[in-house]
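Participant: structure, please.
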Amino acid sequence: MHIVVCVKQVPDTKIIKINPKTNTLDRRSAPAILNPYDAHAVQEAVKIIKMVGGGTISVLSMGPPQATEVIKKSIEIGADKGYLISDRAFAGADTLATSYALSKALERISKEEPIDLVICGLHAIDGDTGQVGPGIARRLDIPPVTNVIEVSELNEKEKTILLKRKIANGYQLIQADYPCLLTVGKEINEIEYSPLPNMIKAARYEPVIWTVNDLENVNRPQLGLKGSPTIVGKMFTPPKPEGGMKLEGNSDEQVKQLIELLTDKQDLFFTHVN
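Facilitator: Now for the predicted structure:
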């Protein structure tokens, strides 16, 4: 079993400020950290490897040379090895260009060792788009399953994985064929304390660093700022989601309302992803 977790170095949003003139994040106003959702993705990879009785966890990141720190943090959590793609050609990338660059790096990694699962955090706390994971899956032509909060079972013989996915009105139970890509929320696990051997290994670890020249069959106009059609017009706090529905009436009336709701919400039922 080979799992690759995509991780990102982000500014700590508990401290960071928004530039009122440009409506963008002032990244210099806060320290850089491992994206919290990605930390949970690494922890879940550790859990899955234990579930199946062994395997390899690789982590992959794109960023400046100092992004090696989030790879070291991932090693501390339990990853085995890490890759960083770092080049000025990647600078200014939006989610479209980022998913393209990461997919090319994943193709390179898969030639060294075939990949069974790709796991990403649900979203990064700086951009908050949740687009990179599904973008990678589309480029690699593998099924994506987003907002996963539980990995229940993995059948290596049939190459299927049973998942619980959170949606707006409830949950989905999904059986997916793998290789596939998962994006995971914080509810999926608790970050464990790192054992001393992991901390020592992380302190000494030097990730593999690739430039754009180390990747194969790259269409350079799809990288970086040139490959990024997205323009951020404005940043703002989104409205809070609506609360749940309260069933009124006596027990018979409530049961009738509940049946109507469940019948209407077909996405609550079991789904198989090919």
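Participant: against D87, how distant is N217?
Facilitator: Distance, N217 to D87, using Cβ to Cβ, to the nearest Å: 16 Å. To be clear about C-beta, it is placed using only N, CA and C from the backbone, and glycine gets the same treatment.
Participant: to clarify, my last question referred to Q254.
Facilitator: 60 Å.
Participant: in stretch 84-94, what counts as buried?
Facilitator: Residues of stretch 84-94 classed as buried by neighbour count (16 or more other Cβ atoms under 10 Å): 84-87, 89-90, 93-94.
Participant: nearest to E107, of the residues you listed?
Facilitator: Within the buried residues of stretch 84-94, proximity to E107 (Cβ to Cβ) peaks at I85, which comes in at 11.7 Å.
Participant: residue contacts, that closest one?
Facilitator: 60-62, 101-102, 105, 209-212, 214-215 (Cβ atoms under 8 Å, 6 or more residues apart in numbering).
Participant: swap in 10 Å and give it another go.
Facilitator: By Cβ atoms under 10 Å, 6 or more residues apart in numbering, the contact set of I85 is 60-63, 67, 101-102, 104-105, 108, 208-212, 214-215.
Participant: of those, keep whichever come out buried.
Facilitator: 60-63, 67, 101-102, 104-105, 108, 208-210, 212, 215.
Participant: which ones among these map onto strands?
Facilitator: 60-62, 208-210 (DSSP state E).
Participant: and these, which is closest to I259?
Facilitator: L60 (46.1 Å).
Participant: ok so, going back, and the ones in strands among the buried ones among the contacts of I85, which is closest to P179?
Facilitator: L60 (14.9 Å).
Participant: list the contacts for that closest one?
Facilitator: 4-8, 71, 74, 81-85, 102, 105-106, 108-109, 118, 120, 136, 207-208, 210 are the contacts of L60 under Cβ under 10 Å, 6+ apart.
Participant: for beta bridges, what are the partners of it?
Facilitator: C6, Y83 (DSSP bridges).
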